[in-house]
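**Student:** This is the structure alone, sequence omitted:
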């Protein structure tokens, strides 16, 4: 998160973890394996959080969308999760690891899209392409981490509430 994937080496990772490099190599063969594990674990946790929200979408799609968006934004204020998804995939990532990460990402996006589609089908959300609407909402939510500054005048919960409200409002049929 601090130096970028390419500029970080196993010595720095071991030092940041407070471990000897040998301990790291006991669990991971490479920096790429560490990156892939971090990314797949992060997306898996997003899927776990979205599962009960998505299940409730048939009853109240707007509430489900609100909770789904808030969950995306709120994770940015958790020190352990803040940088997990914002790191770009390294160019050198193997096809196998890229596929692992992308498969999970698509699963998450599909779950999110199903919430949006349900709301559209019920006339609650503006009729549009549900996948494109999902991409617009998710990209807007994920970019909060690029402009949020800790200690600024806007407090984390206020940001979660305001951005969530604006994104839900943009999807709602008038």
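**Tutor:** Cool, got the structure. This is a predicted model, so every value here is computed, not measured.

**Student:** only C-alpha atoms for contact and neighbour calcs from this point on.
**Tutor:** Fine.

**Student:** Show the subsequent helix or strand relative to the lowest-mean-pLDDT helix or strand in the chain.
**Tutor:** Lowest by mean pLDDT, DSSP states H and E among the helices and strands of the chain is helix 144-147, with a mean of 86. Using DSSP states H and E, the helix or strand that follows helix 144-147 in sequence is helix 156-171.

**Student:** what does the model give residue 10 for pLDDT?
**Tutor:** If you check residue 10, the pLDDT there is 89.

**Student:** Any idea how many residues pack against it?
**Tutor:** 16 (other Cα atoms under 10 Å).

**Student:** thought it was touching residue 21?
**Tutor:** Yes - shown here, residue 10 and residue 21 form a contact pair, counting by Cα atoms under 8 Å, at 6.7 Å.

**Student:** outside of the helix or strand residue 41 falls within, which residues touch it?
**Tutor:** Per DSSP H and E: residue 41 is located in helix 31-55. Here helix 31-55 makes contact (Cα atoms under 8 Å, 6 or more residues apart in numbering) with 9-10, 28, 64, 67-68, 71-72, 81, 84-85, 93, 97, 100-101, 104-105, 107-108, 111-112, 114-115.

**Student:** what do you get for stretch 19-27?
**Tutor:** 10, 11, 14, 15.

**Student:** correct me, but residue 112 touches residue 133?
**Tutor:** No - under the criterion of Cα under 8 Å, residue 112 is not in contact with residue 133, lying 9.9 Å apart.

**Student:** more crowded one of those two?
**Tutor:** residue 112 (28 against 19).

**Student:** That one falls within a helix, correct?
**Tutor:** Yes - under DSSP: H, G, I helix; E, B strand; the rest coil, residue 112 falls within a helix.

**Student:** Brilliant, that's me finished.
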